[in-house]
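Student: this one's structure only:
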């Protein structure tokens, strides 16, 4: 069965699954070690998360992304996906256009790269067009400026499939597997909830509200609307929630009954957040289109950082797209807060007790967790809180937040098995 | 003219609340979120700077709460114990002298 992804193109997995074919394919190739970001993006490309991309972008694609927010083909695309190398590395490995090279990670073969183009590109232009700023304190700009001076564009093929490690193994689904799962569940409408957080009840109601919006006029006797909680797993910074807590605590909302078994699913996508606000919202919409979702929830300050973007820029950008540019509908939502008058979690678009509201400040919630003080269940489900503490002990070296120790000693999300090549 | 204080938020569970009651400070705990109480231990700007220097993992949240956050739990436990021992909230000089 074929599946159509973003841009109307069939999702193709660029993966060699036969070990002997893979061994033959990489024999004699120059080996180039890569960093975690590039490895995660290879997985994104190879399994079709980034469809229609088949490899790292060439210059025409990067230029089109910067100038028109499209690929050279015209399909909407908002963030360059590039593989950077320095001149000295290119010389050291003797890489030239027309070559095929082997990209290695964790000292194991990972993917071949067909070197179609070696080029340079104005990083200031990338920063300004994608992030709307060139300030290096913006983490996406800092990432852009940290790229080496040359980019290597070309198709990649995964030759060594990653082993996803516990506890993430239960949650990693390729786009094709995700669509198969949706078909098993009989879901016709599916809304994405993008997350990098352990859920408090404000998040829970964002999800429930977006599910209701998505379900809309669909029949109620047989529920055919689902919610996919798709956690972004990528480079971590000190103070972030540990990945294990995010994924397991999102999932416990279903196993503890706050969501029905037949309406909720948790999965992960490997991606290093760029914090590009509206541009990242478009990228997330593309990603979830490829996963087979029909709707995508966008809340306040989606994928934003600091004060670079207006809280609802990520809503407005969808109005700038021509009709049919995306095959996924944005579900735009306001905030949920705790209202002491209503004595419940309330929606900004409905609750009139604006002065009395108590906001779900991420900082305050983290402060409460840090103190180990169990919040009221109206704010934090007890099952979630208990699991945070459990994951802190089991995976976080005693902390639910990323520490130096976690960064240095955590079990990796995936490992590449030895290929014997 | 009021001088801004830079509080450290100490969240109050039942055990902490009982201790506050015993020293007559229970009324100082403020309701912050869905009935959850917090004790806001004030710092002057100078005390705030000392805290951030002594505990570099902490940060001052200038954007939203304007409080000192991400202090390790054991540090906050000690601050709370200092409040109880001194039977008052204004204890940061005492706490910092002991660090």
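Tutor: Received it, and whenever you're ready, just let me know what you need. Just so it is clear, the model here is predicted, and its values are computed rather than measured. Residues are numbered from 1 along each chain as shown, chains lettered A, B, ... in the order given.
Student: show me the shaky parts of chain A.
Tutor: A:420-421 (pLDDT under 70).
Student: now do the helices in it.
Tutor: A:19-26, A:36-46, A:59-68, A:87-93, A:123-131, A:139-146, A:175-185, A:201-215, A:243-255, A:278-290, A:313-316, A:362-371, A:382-395, A:404-409 (DSSP state H).
Student: between these, which one is nearest to chain B?
Tutor: With distances scored as CB to the nearest CB, the stretch of the helices of chain A nearest to chain B is helix A:362-371 (4.4 Å). Bear in mind the C-beta positions are built from the backbone N, C-alpha and C, glycine included.
Student: which neighbouring elements make contact with that closest one?
Tutor: Here helix A:362-371 touches strand B:8-12, strand B:30-33, strand B:68-69, helix B:73-86, going by 3 or more CB pairs under 8 Å, 6 or more residues apart in numbering or on different chains; DSSP states H and E.
Student: need the winner for burial among these.
Tutor: Of the helices and strands packed on helix A:362-371, the one with the most neighbours on average (mean count of other CB atoms under 10 Å in any protein chain shown) is strand B:8-12, at a mean of 24.
Student: what's around residue B:44, how many residues?
Tutor: Residues near residue B:44, counting by other CB atoms under 10 Å in any protein chain shown, number 15.
Student: name all residues that make contact with it.
Tutor: By CB atoms under 8 Å, 6 or more residues apart in numbering or on different chains, residue B:44 lies in contact with B:3, B:5-6, B:92.
Student: and the gap between it and residue B:84?
Tutor: 21 Å (CB to CB, to the nearest Å).
Student: ok, the residue in the stretch 51-200 of chain A that chain B sits nearest to - contacts?
Tutor: Nearest residue of the stretch 51-200 of chain A to chain B, counting by CB to the nearest CB: residue A:200, 9.6 Å away. In this structure, residue A:200 makes contact with A:360, A:365, A:375, A:379-380, A:384, judged by CB under 8 Å, 6+ apart.
Student: so which of the helices of chain A is the most surrounded?
Tutor: helix A:278-290 (a mean of 26).
Student: report how many residues lie close to the closest residue to chain B within the stretch 101-250 of chain A.
Tutor: Of all residues in the stretch 101-250 of chain A, residue A:239 sits closest to chain B, at 6.4 Å by CB to the nearest CB. The local packing of residue A:239 (other CB under 10 Å) involves 14 other residues.
Student: find the residue ranges of chain B scoring beneath the pLDDT cut-off.
Tutor: Ranges of chain B meeting pLDDT under 70: B:1-2.
Student: which bits of the stretch 251-400 of chain A sit near chain B?
Tutor: A:306-307, A:338, A:340, A:358, A:360-361, A:363-364, A:366-368, A:370-376, A:378-379 (CB under 8 Å from any CB of the partner chain).
Student: number of residues surrounding residue A:35?
Tutor: Neighbours of residue A:35 using other CB under 10 Å come to 10.
Student: distance of the residue of the stretch 51-200 of chain A closest to chain B relative to residue A:334?
Tutor: 17 Å.
Student: quick one, what contacts the residue of chain B found nearest chain A?
Tutor: When distances are taken as CB to the nearest CB, chain B reaches nearest to chain A at residue B:11, 4.0 Å away. Counting by CB under 8 Å, 6+ apart, residue B:11 touches A:367-368, A:371, A:373, B:36-39.
Student: switch to 6 Å and redo it
Tutor: A:368, A:371, A:373, B:38 (CB atoms under 6 Å, 6 or more residues apart in numbering or on different chains).
Student: excluding chain neighbours, what is closest to the third one?
Tutor: Think residue A:373. residue B:11 (4.0 Å; CB to CB, 6 or more residues apart in numbering or on different chains).
Student: just list whatever residues bridge to that neighbour.
Tutor: Per DSSP bridges, the residues bridged to residue B:11 are residue B:38.
Student: picking that back up, what's the closest of the helices of chain A to residue B:62?
Tutor: helix A:362-371 (10.6 Å; CB to CB).
Student: what's next to the closest one, contact-wise?
Tutor: A:200, A:375, A:400, B:9, B:11, B:61, B:64-65, B:69.
Student: need the max-distance pair from these.
Tutor: A:400 and B:64, at 20.0 Å, using CB to CB across these.
Student: the two: which is more packed in?
Tutor: Shown here are residue A:400 and residue B:64; by other CB under 10 Å, residue A:400 has more neighbours (27 against 12).
Student: thanks a lot, see you next time.
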